[in-house]
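>>> Give me a 3D structure for the following:
(2 chains)
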Amino acid sequence: MKKELNKLNKMMLPVNSISQARTEFQKLFKQAILTNREFLAENAKETSTDETVSIIRTKLLDEWLDRAYTFKPIWELDEENGLWSVTLPEIRVYTDAPTREEAAEQLTELVLDYCEDYFNRLDLFTVLPDRHGHYPYLRRIIRCKGTSEVKEVLNL
Amino acid sequence: MGVTFTFEDISEICRRLGLSVRKSKSNYVLEGTDPGGNFLRVSIHWKADGRNLAKGTVSQIATDLGFKDVADMRDFLHNKKRKR
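Have a look, this model is predicted:
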């Protein structure tokens, strides 16, 4: 069973050595776009790890992430302090303000700042167990073309 | 009666936990490694400076700083001898 799975895996997800991928990159690029096939590249010289890198159609990846990683903001009115708080539990970003509109504006700014910090220090954040899962959500944000699209993605 | 926290309260808590404060574009980022070796990070919009924070925000901050709940964080703030 394991042998059959490995065979299927190699057939369906072709693994190329780095030099092979380099030589055939244009062909792999075209095929990835035209056939939606994902290709893997491995470092054949590096035997201590079985790590591979994927070459995948970006549009396809965007579609999967858009579907799987959606934001569900939680709104709460603090009547005592007259403040609206809004939280994005998916990436642990939150803020508050006297009105919903201001809170949405502030949250957008905070998310953009977090994105910048996260991608500048990717080596730190992706090894933190409680933050490495933020990557696909923040990737969705950095793919946005403007703040109105960011707000749309955040469901604000 | 509600329990309110200000940005200054949170700053004090973070300082005692060994976190540093830096000003980013739109916010203050309080982060660092606590005495237990946990990386903690809290970011607060600069517009919250000088006023009370909403309960929902305070509750999230307590979680991010590793407190059991808001009451636990309040106790830490008032009990200056408490290490964590």
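>>> domain assignment for chain A?
Here the domain parsing of chain A from automatic domain parsing is A:2-56, A:67-153.
>>> quick one: which of those has the weakest pLDDT on average?
Of all the domains of chain A, domain A:2-56 carries the lowest average pLDDT, namely a mean of 88.
>>> Tell me which other helices or strands the helix or strand A:S85 falls within touches.
Taking DSSP states H and E as the criterion, A:S85 maps to strand A:83-88. Judged by 3 or more C-beta pairs under 8 Å, 6 or more residues apart in numbering or on different chains; DSSP states H and E, the packing partners of strand A:83-88 are strand A:74-78, strand A:93-97, helix A:100-120, helix B:55-64. In short, each C-beta sits where N, CA and C put it, glycine included.
>>> Using CSV, lay out the ones you listed together with distance to A:L34.
Below are the helices and strands packed on strand A:83-88 laid out as CSV (distance: least, C-beta to C-beta, whole Å):
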stretch, distance to A:L34
strand A:74-78, 42
strand A:93-97, 38
helix A:100-120, 30
helix B:55-64, 45
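>>> Buried residues, stretch A:86-97. List them.
A:86-88, A:90-97 (16 or more other C-beta atoms under 10 Å in any protein chain shown).
>>> Could you do stretch A:67-77 as well?
Buried positions in stretch A:67-77, judged by neighbour count with 16+ other C-beta under 10 Å: A:69, A:71, A:73, A:76.
>>> Redo these as TSV? Include distance to A:N6.
Below are the buried residues of stretch A:67-77 laid out as TSV (distance: C-beta to C-beta, whole Å):
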residue	distance to A:N6
A:Y69	30
A:F71	38
A:P73	43
A:E76	50
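>>> So which of these is the closest to chain B?
Comparing those against chain B with C-beta to the nearest C-beta places A:E76 closest, at 4.0 Å.
>>> so the closest one sits right up against B:T57, yeah?
No. A:E76 lies out of contact with B:T57 (C-beta atoms under 8 Å); the separation is 9.0 Å.
>>> Now the common contact residues for those two.
Residues touching both A:E76 and B:T57 by C-beta atoms under 8 Å, 6 or more residues apart in numbering or on different chains: A:85, A:87.
>>> Looking at chain B, which residue is nearest chain A?
B:G56 (3.1 Å).
>>> In contact with the nearest residue to that residue once chain neighbours are set aside, which residues?
Leaving aside its chain neighbours, B:G56 sits nearest to A:S85 (3.1 Å; criterion: C-beta to C-beta, 6 or more residues apart in numbering or on different chains). When contacts are counted by C-beta under 8 Å, 6+ apart, A:S85 touches A:75-78, A:94-96, A:103, B:54-57.
>>> Could you check how far A:K72 is from chain B?
14 Å (C-beta to the nearest C-beta, to the nearest Å).
>>> State the pLDDT value of the closest residue to that residue other than its chain neighbours.
Nearest residue to A:K72, sequence neighbours excluded (C-beta to C-beta, 6+ apart): A:N155, at 6.7 Å. At A:N155, the pLDDT value in this model is 98.
>>> what's the helix or strand for A:N155?
Per DSSP H and E, there is no helix or strand for A:N155.
>>> neighbours around it, how many?
Counted with other C-beta atoms under 10 Å in any protein chain shown, residues neighbouring A:N155 total 10.
>>> Can you give me the end-to-end span of stretch A:43-57?
21 Å (C-alpha to C-alpha, to the nearest Å).
>>> sorry, that was for stretch A:59-79
Stretch A:59-79 end-to-end distance (C-alpha to C-alpha) = 44 Å.
>>> Any idea how far that stretch is from the middle of the chain?
Put simply, stretch A:59-79 sits 12 Å off its chain's centre (C-alpha atoms, centre = their mean, to the nearest Å).
>>> Flag every residue of chain B that's near chain A.
B:2, B:4, B:24-27, B:29, B:39, B:41, B:43-45, B:47-48, B:52-57, B:60, B:64 (C-beta under 8 Å from any C-beta of the partner chain).
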